[in-house]
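> output the structure for:
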Amino acid sequence: MADPHVFWSQLLSRDVEKIRAAWDSLAADEKTAVHVHLTNMVTEDDWTEPQRVSAQAALDALKDWPASSAE
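Next up, the predicted model:
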């Protein structure tokens with residue numbers, strides 16, 4: 001992950017192409033950590049509604065993406 005600000009801006013952009021490009025820039029261990037973080041953003045009360053919506057959009061964009069293996 002080169003620039004964390006740019007990475008998270010892309011990942012939470014709600015733009016499928018940007019989300020997938022950001023995701024594809026990650027190493028496997030980073031994907032696992034980011035997937036956990038996105039899931040936490042969706043399920044925890046500490047996040048605003050727009051943040052939860054953006055995190056869910058990212059998870060949705062990555063659900064069937066071939067390079068999305070986060071397990």
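
> which secondary structure element contains residue 31?
helix 28-43 (DSSP states H and E).

> pLDDT below threshold where in this protein?
Within the chain, the ranges that satisfy pLDDT under 70 run 1-2, 67-71.

> one more pass at 80, please.
1-2, 66-71 (pLDDT under 80).

> which residues in it form helices?
Secondary structure of the chain (DSSP state H): helices located at 4-11, 16-24, 28-43, 49-62.

> contacting residues for residue 63?
With contact set as CB atoms under 8 Å, 6 or more residues apart in numbering, residue 63 has no partners. In this view, the C-beta of every residue, glycine as well, is placed from N, C-alpha and C.

> show the backbone phi and psi for it.
phi -50, psi -50 (degrees, to the nearest 10).

> how far away is it from residue 13?
Using CB to CB, to the nearest Å, one gets 17 Å for the distance from residue 63 to residue 13.

> try residue 23
Applying CB to CB to residue 23 and residue 13 gives a distance of 12 Å.
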